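Peer 1: below are the sequence and a predicted model; questions follow.
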Amino acid sequence: MPPNPQNPFSLHEKVAIVTGSGSGIGAAIAECFAAAGAKVYVAECNEVHGADTVRRITEQDGNASLAVVDVVSESECSAFVRRVLLENAGRCDILVNNAGVGHVGTILSTETADLERLWQVNLRGAYFLSRAVLPAMIERRAGSIINLASVAGITGMESRFAYTISKHAVVGMTRAMAMDHGPTGVRINCICPGRTQTPFVEARLREYADPQEYLKQMVAPHALKRLAQPSEIAAAALYLASDQSAFVTGSAMVVDGGYTAGK
Ligand SMILES: NC(=O)c1ccc[n+]([C@@H]2O[C@H](COP(=O)([O-])OP(=O)(O)OC[C@H]3O[C@@H](n4cnc5c(N)ncnc54)[C@H](O)[C@@H]3O)[C@@H](O)[C@H]2O)c1
């Protein structure tokens, strides 16, 4: 569909799933999509946090509903997508695979269980949900899948062995799916944020004896010399979800304040 010149980023009447939207970047994306007119499913394993996002959206007259889903569970993912399709006459226009977890360590300090956990949440969750929504998107010959990768999906990140592997795999999955499903009109992209001020990063800071010193180290590789705000990552997701990005697929869009420019 050609972009609407009156409101080019409108998601009016679109049905969107955003995983991990009880917090941080996912919550910002869910709120941004709802403000753009989408019906948003807040798919989150933390019921309290997910309900908070739904409440904030509905207070702003947006359309959102909560789905308590652990993306690690294939059966929960497929039951959830069945519900979305049933409630929307077979339609799901946008899937944002945002739920993710981190881990600090080199190969020597990363246990098999750590590696498997990151693989399960950061990759398999996106795999289960993409497999579940794709047939409906292909049938309508339209749809946008957006995966949250990271600058660690493009460059090696120190002491983030498991995380770097998982995010490189997210970029690879995005490109593979874009090539396979481009002919059907379904677009698949990923976003590679630089460090973003979310509970994910705040929890990491609290682990250090001198959080301010660690914050300085975190900020240093970014040309803009600050962290991103979740809303700045949500703006990229809105572009990729909207018809304005109709010719964009298979991209790994860096929204990183210049982090990778200096690598
Ligand atoms: N914050 C950053 O600096 C940064 C940078 C680059 C990429 N990212 C990526 O962006 C995404 C969001 O990061 P964030 O900083 O907003 O994280 P966050 O920890 O603030 O939020 C992640 C959300 O995902 C949910 N979640 C975790 N496991 C889940 C599961 N199994 N099923 C369902 N939900 C689950 C959590 O409950 C939480 O609400 C992640 O994929 C992360 O790797 C973050």
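Peer 2: That came through, no problem.
Peer 1: what's the nearest residue to Arg175 if we skip its chain neighbours?
Peer 2: Gly250 (5.1 Å; CB to CB, 6 or more residues apart in numbering). C-beta here means a position set from N, CA and C on the backbone, and glycine is covered the same way.
Peer 1: give me the most central residue, this structure.
Peer 2: For the chain, the residue nearest the mean C-alpha position is Asn98 (2.6 Å; CA atoms, centre = their mean).
Peer 1: ok, now which ones touch that residue?
Peer 2: Val18, Thr19, Gly20, Ser21, Ile25, Gly26, Ile29, Leu148 (CB atoms under 8 Å, 6 or more residues apart in numbering).
Peer 1: output those as JSON lines; include the columns neighbour count.
Peer 2: Output for the contacts of Asn98, formatted as JSON lines (neighbours: other CB atoms under 10 Å):
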{"residue": "Val18", "neighbour count": "35"}
{"residue": "Thr19", "neighbour count": "30"}
{"residue": "Gly20", "neighbour count": "30"}
{"residue": "Ser21", "neighbour count": "32"}
{"residue": "Ile25", "neighbour count": "28"}
{"residue": "Gly26", "neighbour count": "30"}
{"residue": "Ile29", "neighbour count": "32"}
{"residue": "Leu148", "neighbour count": "26"}
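Peer 1: want to try a markdown table for those residues, with pLDDT and distance to Thr53 as columns?
Peer 2: Below are those laid out as a markdown table (pLDDT from 0 to 100; distance: CB to CB, whole Å):
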| residue | pLDDT | distance to Thr53 |
| --- | --- | --- |
| Val18 | 99 | 9 |
| Thr19 | 98 | 12 |
| Gly20 | 98 | 10 |
| Ser21 | 98 | 5 |
| Ile25 | 98 | 12 |
| Gly26 | 98 | 8 |
| Ile29 | 99 | 10 |
| Leu148 | 98 | 16 |
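Peer 1: from those, which is closest to Thr58?
Peer 2: Minimum distance to Thr58 across these is 13.7 Å, recorded for Ser21 (CB to CB).
Peer 1: excluding chain neighbours, what is closest to that closest one?
Peer 2: Here the residue nearest Ser21, using CB to CB, 6+ apart, is Ala30, at 4.0 Å.
Peer 1: which residues touch that neighbour?
Peer 2: Ala30 makes contact with Ala16, Val18, Ser21, Val40, Val42, Thr53, Ile57, Ala64, according to CB under 8 Å, 6+ apart.
Peer 1: can you tell me which two in these are farthest apart?
Peer 2: Ala16 and Thr53 (12.8 Å).
Peer 1: what about the residue nearest to Ser21, distance to Ala132?
Peer 2: Using CB to CB, to the nearest Å, Ala30 is found at 19 Å from Ala132.
Peer 1: can you tell if stretch 168-176 touches the ligand?
Peer 2: No: judged by CB under 6 Å from any ligand atom, stretch 168-176 and the ligand are separated, with a smallest distance of 8.1 Å.
Peer 1: rewinding a little: got the contact list for the residue nearest to Arg175?
Peer 2: Gly250 neighbours (CB under 8 Å, 6+ apart): Thr174, Arg175, Ala178, Met179, Gly182, Ile188, Asn189.
Peer 1: Val18 touches Ala43, doesn't it?
Peer 2: Yes: in this structure, Val18 is within contact of Ala43 by CB atoms under 8 Å, at 6.7 Å.
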